[in-house]
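Pasting the sequence and the predicted coordinates here, then a few questions.
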Amino acid sequence: MASPTPAGNGAPPAPRPAALRRVVAASLIGTTIEWYDYFLYGSAAALVFGHVFFPKADPLTGTLLSFLTYAIGFAARPLGALVFGHYGDRIGRKKLLVLSLLLMGGATALIGCVPSYDSIGVAAPLLLTFLRLVQGFALGGEWGGAVLLVSEHGDPKRRGFWASWPQGGAPAGNLLAVGVLDLMTFVQSDEQFLAWGWRVPFLLSAVLVMVGLWIRLAVDESPVFKEALARAEARKAEQRAEREKAEQPPLLAVLRHHWREVLVAMGARMAENISYYVLTTFVLAYCVGHLKLDKQTALNAVLIASAVQFALIPLFGALSDRVGRKPVYLAGAAGVGVWAWAFFGLLDTRSFPAILLAITVGLVFHSAMYAPQAAFFSEMFATRMRYSGASIGAQFASVAAGAPAPLIATALLKDYGSSTPISLYVTLAAVVTLVAVLCARETRGRDLADLEQQPREERATSGV
């Protein structure tokens with residue numbers, strides 16, 4: 001395992017605690033707003049979109065079609081990862097994060113303005129799908145930039161803890177999205193909610209984006225990236241060969257030097273991504289559509305469980321600083337694979353405490369994977385290709401994992417009338433993740449100030 005670079009050999013100075021906290025707060029608030037926008041769509045797809053945009057289909061088929069538009073958004077995430085990763089490794093993390101926030105917020109607010117199927121016919125779901133693609137493109141670039149900005153500001157000894165805070169944006173965003181929907185269903189009748197109430201949370205995104213933009217613009221660029229850029233410019237002036245190497249597109253450099261790490265990241269995401277969308281998105285459709293429970297029961301359970309997860313993520317991040325990224329990640333993957341078999345049994349009791357327990361415990365195991373993921377993926381890649389590498393590994397996996405998860409779960413339920421195939425689906429994803437993480441090297445403590453990728457043989461001997 002590589003040790004932190006000592007002071008004086010070219011590594012950028014550690015940021016002041018106040019500056020680091022400001023960066024962490026800005027990343028957390030920004031990612032919370034982006035995930036609010038993204039998860040709001042998933043919750044609305046489970047509860048509303050079938051009625052509004054696919055009214056001619058039966059309820060379960062309408063939910064399937066809604067989840068199909070939801071899944072299509074994931075197709076744009078790898079494209080976002082490629083574009084944002086390329087330019088983020090070229091011109092910096094901050095500029096791209098501002099752009100991703102604007103794209104996501106604009107698309108979400110416009111979703112709240114899309115007319116229903118009864119008003120404009122098939123154009124309604126087509127407009128909805130296009131805006132979902134814009135959401136996916138924006139989120140594909142958001143995740144890598146947000147976690148890298150914090151990872152590259154923080155110190156190696158506590159990187160897992162600090163880098164886990166942007167990860168908290170996912171449960172915080174889901175908490176906010178479900179909370180607003182929960183409030184709207186509480187104060188409105190079903191007819192009012194379906195007619196116009198569901199649009200309010202989407203339109204609220206325009207206000208949230210302005211807040212996030214104001215905060216993000218006040219944050220400095222990553223010192224590690226600035227140091228790497230300065231060193232690259234100095235080397236380009238010294239040797240032509242070095243210049244050509246520095247000018248190689250980050251995507252090509254990632255595929256040349258880091259393809260194994262990309263595959264590891266993709267495998268590590270399978271159980272994490274699939275389980276999360278089953279636990280937080282499909283569960284709404286299962287409780288309301290299959291178990292015939294009221295919306296508030298399902299929304300309240302997800303709301304409380306998301307609050308618990310938000311509190312747990314920095315704790316698991318800190319634990320990964322003490323025992324390593326791999327042990328914490330492996331425990332989460334194994335746990336979610338086993339819990340999948342108890343999860344639906346608890347839901348089927350139709351008891352709120354049992355449903356809350358089912359979702360909360362599932363999200364505890366998910367947190368053990370998600371919390372160290374930011375530092376784990378960041379530490380796999382060299383600075384000048386880190387945005388591309390981390391984003392590509394994470395977002396390409398989301399197409400095969402998170403995108404079809406609610407769709408596959410709904411289809412399995414429709415075909416078999418049982419939750420057993422869904423449990424098996426989650427368990428198989430856990431096995432893939434266990435194998436991928438076991439094949440990875442432990443990255444805890446790696447120096448993120450490395451500019452160029454070392455040859456693989458050199459990395460092997462250094463333990464990186």
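Noted; the coordinates are in hand. This is a predicted model, so every value here is computed, not measured. Residues are numbered from 1 along each chain as shown.

low-confidence ranges in the protein?
Counting by pLDDT under 70, the chain contains low-confidence ranges at 1-19, 88-89, 91-94, 143-155, 215-251, 448-464.

Now for it: which helix has the highest residue count?
In the chain, with assignment by DSSP state H, the single longest helix is helix 59-91.

Quick check: buried residues in it?
Neighbour counts using 16 or more other CB atoms under 10 Å place 60, 62-78, 80-90 of helix 59-91 among the buried residues. From N, CA and C alone the C-beta is placed, and that goes for glycine too.

do stretch 431-444 as well
Within stretch 431-444, the residues that count as buried by 16+ other CB under 10 Å are Val432, Thr433, Leu434, Ala436, Val437, Ala440, Arg441, Glu442, Thr443, Arg444.

same check, this time on stretch 97-106
So for stretch 97-106, counting by 16+ other CB under 10 Å, buried means Leu97, Val98, Leu99, Ser100, Leu101, Leu103, Met104, Gly105, Gly106.

Same question for Ala403, what's its three-state structure.
Under the three-state scheme (DSSP: H, G, I helix; E, B strand; the rest coil), Ala403 adopts coil.

From Leu40, how far off is the nearest residue to it once chain neighbours are set aside?
Spatial nearest neighbour of Ala403, excluding adjacent residues (CB to CB, 6 or more residues apart in numbering): Phe74 at 3.0 Å. Phe74 sits at a distance of 16 Å from Leu40 (criterion: CB to CB, to the nearest Å).

list the contacts for Val309?
Careful, residue 309 is Gln and not Val. Counting by CB atoms under 8 Å, 6 or more residues apart in numbering, Gln309 makes contact with Pro171, Thr360, Leu363, Val364, His366, Ser367.

Same question for Val83.
Phe137, Gly140, Gly141.

and Thr129, what element?
Assigned by DSSP states H and E, Thr129 belongs to helix 123-151.

could I get the helix or strand that that helix is followed by in CSV with only the CA atoms?
Using DSSP H and E, the helix or strand that follows helix 123-151 towards the C-terminus is helix 159-167. Taking Å, rounded to 0.1, in the frame of the first residue of the first chain, the C-alpha atoms of helix 159-167 are listed here in CSV:
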residue,chain,number,x,y,z
ARG,A,159,-10.1,10.3,2.9
GLY,A,160,-12.8,7.6,3.3
PHE,A,161,-14.6,9.8,5.9
TRP,A,162,-14.5,13.1,4.0
ALA,A,163,-15.2,11.5,0.5
SER,A,164,-18.2,9.7,1.9
TRP,A,165,-20.1,13.0,2.5
PRO,A,166,-20.9,13.6,-1.1
GLN,A,167,-22.2,10.0,-1.1
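
If you count neighbours, what's buried in helix 159-167?
Buried residues in helix 159-167, defined by neighbour count with 16+ other CB under 10 Å: Arg159, Gly160, Phe161, Trp162, Ala163, Ser164, Trp165, Pro166, Gln167.

Please look at the fifth one and Ala374 and confirm they touch.
The one in question is Ala163. Yes: here Ala163 reaches Ala374: they are 3.9 Å apart, a contact under CB atoms under 8 Å.

Buried ones in stretch 106-117, by neighbour count?
For stretch 106-117, burial by neighbour count (16+ other CB under 10 Å) applies to Gly106, Ala107, Thr108, Ala109, Leu110, Ile111, Gly112, Val114, Ser116, Tyr117.

How about the contacts made by the third one?
Applying CB under 8 Å, 6+ apart, one finds that Thr108 lies in contact with Asp37, Leu40, Tyr41, Leu131, Gln135, Phe202, Ser205.

Buried among these? Make that a ChimeraX selection.
Buried members of these, defined by 16+ other CB under 10 Å, are picked up in ChimeraX with:
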select :37,40,41,131,135,202,205
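
could I get the contacts of Thr108 as CSV with distance to Ile408?
Compiled in CSV, the contacts of Thr108 are given as follows (distance: CB to CB, whole Å):
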residue, distance to Ile408
Asp37, 24
Leu40, 22
Tyr41, 18
Leu131, 23
Gln135, 21
Phe202, 26
Ser205, 28
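
quick check, nearest of the contacts of Thr108 to Thr427?
Tyr41 (27.2 Å; CB to CB).

what about the closest one, helix or strand, and which?
In this structure, Tyr41 sits in helix 17-47 according to DSSP H and E.

what helices or strands is that helix leaning on?
When contacts are defined as 3 or more CB pairs under 8 Å, 6 or more residues apart in numbering; DSSP states H and E, helix 17-47 packs onto helix 59-91, helix 93-111, helix 123-151, helix 159-167, helix 169-187, helix 199-216, helix 283-285, helix 405-416.

Who are the packing partners of the following helix or strand past that helix?
Sequence-wise, the next helix or strand downstream of helix 17-47 (DSSP H and E) is helix 49-53. Judged by 3+ CB pairs under 8 Å, 6+ apart, the packing partners of helix 49-53 are helix 59-91, helix 123-151.

If you count neighbours, what's buried in helix 49-53?
So, applying 16+ other CB under 10 Å, buried residues of helix 49-53: Phe49, Gly50, His51, Val52, Phe53.

What separation is there between the closest residue to Leu208 other than its chain neighbours and Gly140?
Closest residue to Leu208 in three dimensions, ignoring its sequence neighbours and counting by CB to CB, 6+ apart: Ile33, at 4.7 Å. Separation of Ile33 from Gly140 (CB to CB): 16 Å.

Same check on His290?
31 Å.

neighbour count winner among these two?
Gly140 (30 against 18; other CB atoms under 10 Å).

and the gap between that one and Arg90?
From Gly140 across to Arg90, the span is 17 Å (CB to CB).

now swap in Phe377 and tell me
Here the criterion is CB to CB. By it, Phe377 lies 20 Å from Arg90.

Please apply the same query to Thr280.
Going from Thr280 to Arg90 by CB to CB gives 35 Å.

Please apply the same query to Leu82.
Distance, Leu82 to Arg90, using CB to CB: 13 Å.

Likewise for Arg21?
Applying CB to CB to Arg21 and Arg90 gives a distance of 28 Å.

So what's the gap between stretch 185-200 and the chain middle?
28 Å (CA atoms, centre = their mean, to the nearest Å).

Return the set of buried residues in it.
If you call a residue buried by 16+ other CB under 10 Å, then stretch 185-200 has these buried ones: Thr185, Gln188, Phe193, Gly197, Trp198, Arg199.

Contact partners for the third one?
Residues touching Phe193, when contacts are defined by CB under 8 Å, 6+ apart, comprise Val48, Met184, Thr185.

what does the fifth one give?
With contact taken as CB under 8 Å, 6+ apart, Trp198 is in contact with Ala44, Leu47, Val48, Val52, Leu181, Met184.

Tell me the buried residues in the host helix or strand of Asn273?
Per DSSP H and E, Asn273 falls inside helix 259-277. By 16+ other CB under 10 Å, the buried positions in helix 259-277 come out as 261-277.
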